[in-house]
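>>> No sequence on hand, only this structure:
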């Protein structure tokens, strides 16, 4: 996926509609959160097993794909507006995660070395 | 950004920690929503102007980058577990957005052609 | 629970700290969403069964209580700032829900009569 | 507002529809988060000023009231299912907040005494 090119397309899409005035980092963070919740809504009453098996259903997969795309597009737009280097922040976070969750200690349970938060 | 390769790395990271048992689509959708809210938290009390100017602050940008990366990594992991073709869903959504928000009609305001939702 | 009295206390709490400037409806809606996600975070990796049994654990119940209170307090504050009559909006919504989900049709499954959304 | 009586009505509403199977604490926490995001969606593209003035618009207030009610009803249901004493958790949290944000120190800015989080 060419995220740089996607960001250019989103920039043009916004400019053509005179939407830059709405696309503050704060508003885009809200929109991202709203879209993530719309994605979660698809799963909210499902059992874990149903959440897996339904992904093989074409109709469900189509709806899920739309929500996944919405989240990704707002995230790319926010990163662009905020001037972030996506590759750099991702590599940095992967390194932090490897330090926080050493494989030998984190195996099969969901705890950070140092913290309050369950996070597999 | 090579999202396919990132998904492979996340797959290995999870397997090494025996975390696949936690990574149901439903749980990953929850985690994604939680991370999106952590990103929003950075902006919640800021004015629109502060949300823009703070992105130039290195300390703020570092924290923002971590949250952006968290959202992206869970999104990639969810798309992988759900068997979605990320490029396909993104292209499909961009096409839908172009139909829903024709440039000449959407200019400078935030309404879909057909719907309840404000969305620039 | 005396929600009117709670709203008065929250109003005074905010005024004493000169926080009314931050408490726009938009900001309070963001804060509410962030707190709801912190509540969700407690459950994100749990099985349905664990999510039930853990509520009997005093330490977990204390953390859950804090998040529930945070959500409730921001909701009361938002309703106050927005000038809503909480009792009226709740009674109206209960009536709408009874119409949307007639008991004889909604039994054991999670669909509205008319809509896209799974919602028990 | 008689929250205990509301919880009884929600309990009956769920039982009549055989929905208790869906109402695990985890699922209700997801639903709460989804509803909080629907509330946020109403504000996502608004300026702070618009978010205040629109609350005086009857149509907007009606939609806002529905979302506020949805959040409150899921919160009451979750507290009931989890066996929480709402009054107790609220009083405890108000006490904690008064300690974390002493009026003389918190005046006009949004920082806890001890923490990373901006929170008026």
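Thanks, I have the structure now. These numbers come from a predicted model, not from an experiment.
>>> Give me every residue in chain A lying close to chain D.
Within reach of chain D by C-beta under 8 Å from any C-beta of the partner chain, chain A has these residues: A:22, A:27, A:30-31, A:33-34, A:36-38, A:40-41, A:43-45. Quick note: C-beta positions are derived from backbone N, CA and C, even for glycine.
>>> For residue A:3, give its distance to chain D.
23 Å (C-beta to the nearest C-beta, to the nearest Å).
>>> That residue against residue A:76, yeah?
Yes. Assessed by C-beta atoms under 8 Å, residue A:3 is found in contact with residue A:76 at 5.9 Å.
>>> so, in contact with chain B or not, the least confident helix or strand in chain A by mean pLDDT?
Within chain A, no helix or strand scores below helix A:103-106, which has a mean of 84 by mean pLDDT, DSSP states H and E. Yes. Interface with chain B: helix A:103-106 contributes A:103, A:106 (C-beta under 8 Å from any C-beta).
>>> do the same with stretch A:90-102
Yes. Using C-beta under 8 Å from any C-beta, stretch A:90-102 comes into contact with chain B via A:90, A:92, A:93, A:94, A:96, A:97, A:98, A:101.
>>> coming back round to it: overlap in contacts, residue A:3 and residue A:76.
Residues touching both residue A:3 and residue A:76 by C-beta atoms under 8 Å, 6 or more residues apart in numbering or on different chains: residue A:86.
>>> ok so, going back, ok, of the residues of stretch A:90-102 next to chain B, which come out buried?
For the residues of stretch A:90-102 next to chain B, a burial check counting by 16 or more other C-beta atoms under 10 Å in any protein chain shown picks out A:90, A:93, A:94, A:97, A:101.
>>> so what are the domain limits for chain A?
Segmentation of chain A into domains, based on automatic domain parsing, reads A:3-84, A:85-120.
>>> any chance of those in TSV, plus distance to residue C:64?
Below are the domains of chain A laid out as TSV (distance: least, C-beta to C-beta, whole Å):
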stretch	distance to residue C:64
domain A:3-84	18
domain A:85-120	13
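>>> Determine which stretch of these is the most buried.
Mean neighbour count, computed with mean count of other C-beta atoms under 10 Å in any protein chain shown, is highest for domain A:3-84 among the domains of chain A, reaching a mean of 20.
>>> Quick one: low-confidence residue ranges for chain A.
Chain A contains residues with pLDDT under 70 at A:110-120.
>>> where do the helices sit along it?
For chain A, the helices defined by DSSP state H occupy A:3-16, A:25-41, A:48-53, A:58-81, A:86-100, A:103-106.
>>> quick one: the residue of chain A most remote from its centre from chain C, how far?
Most distant residue from the mean C-alpha position of chain A: residue A:104, 27.3 Å away (C-alpha atoms, centre = their mean). To chain C, residue A:104 is 20 Å away according to C-beta to the nearest C-beta.
>>> any idea which of the buried ones among the residues of stretch A:90-102 next to chain B is the one closest to chain B?
The shortest approach to chain B among these belongs to residue A:93, at 3.5 Å (C-beta to the nearest C-beta).
>>> Any residue of stretch A:55-70 touching chain B?
Yes. Judged by C-beta under 8 Å from any C-beta, stretch A:55-70 comes into contact with chain B at A:55, A:56, A:61, A:64, A:65, A:66, A:68, A:69, A:70.
>>> Quick check: the two most widely separated of the residues you listed?
With C-beta to C-beta as the measure, no two of the residues of stretch A:55-70 next to chain B lie farther apart than A:56 and A:70, at 21.6 Å.
>>> residues contacting the closest residue to residue A:30 other than its chain neighbours?
Once flanking residues are discounted, residue A:30 sits nearest to residue D:44: 4.3 Å by C-beta to C-beta, 6 or more residues apart in numbering or on different chains. Counting by C-beta under 8 Å, 6+ apart, residue D:44 makes contact with A:27, A:30, A:31, A:34, B:118.
>>> Pull the contacting residues for residue A:33.
By C-beta under 8 Å, 6+ apart, the residues touching residue A:33 are B:33, B:36, B:37, B:39, B:40, C:33, C:37, D:37, D:40.
>>> and with 6 Å instead?
B:36, B:37, B:40, C:33 (C-beta atoms under 6 Å, 6 or more residues apart in numbering or on different chains).
>>> CSV for these, including distance to residue C:8?
Converted to CSV, these look like this (distance: C-beta to C-beta, whole Å):
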residue, distance to residue C:8
B:36, 33
B:37, 29
B:40, 28
C:33, 25
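>>> Quick check: the residue in chain A that chain D sits nearest to vs residue C:24, distance?
Relative to chain D, the nearest point of chain A is residue A:37 (3.2 Å; C-beta to the nearest C-beta). From residue A:37 across to residue C:24, the span is 21 Å (C-beta to C-beta, to the nearest Å).
>>> And residue A:43, by the same measure?
From residue A:43 to residue C:24 the distance is 32 Å (C-beta to C-beta).
>>> Residue A:13 now?
Remark: distance between residue A:13 and residue C:24 (C-beta to C-beta) = 28 Å.
>>> try residue A:44
Residue A:44 sits 29 Å away from residue C:24 when distances are taken as C-beta to C-beta.
>>> rewinding a little: list the contacts for the residue farthest from the centre of chain A?
By C-beta under 6 Å, 6+ apart, the contact list for residue A:104 is empty.
>>> ok, 10 Å please
Neighbouring residues of residue A:104 by C-beta atoms under 10 Å, 6 or more residues apart in numbering or on different chains: B:16, B:17.
>>> likewise residue A:35?
A:66-75, B:32-33, B:36, B:119, D:37, D:41, D:44.
>>> The helices of chain A: which one's closest to residue D:7?
Closest to residue D:7 of these is helix A:25-41 (C-beta to C-beta; 23.8 Å).
>>> That closest one: how far from the chain's middle?
9 Å (C-alpha atoms, centre = their mean, to the nearest Å).
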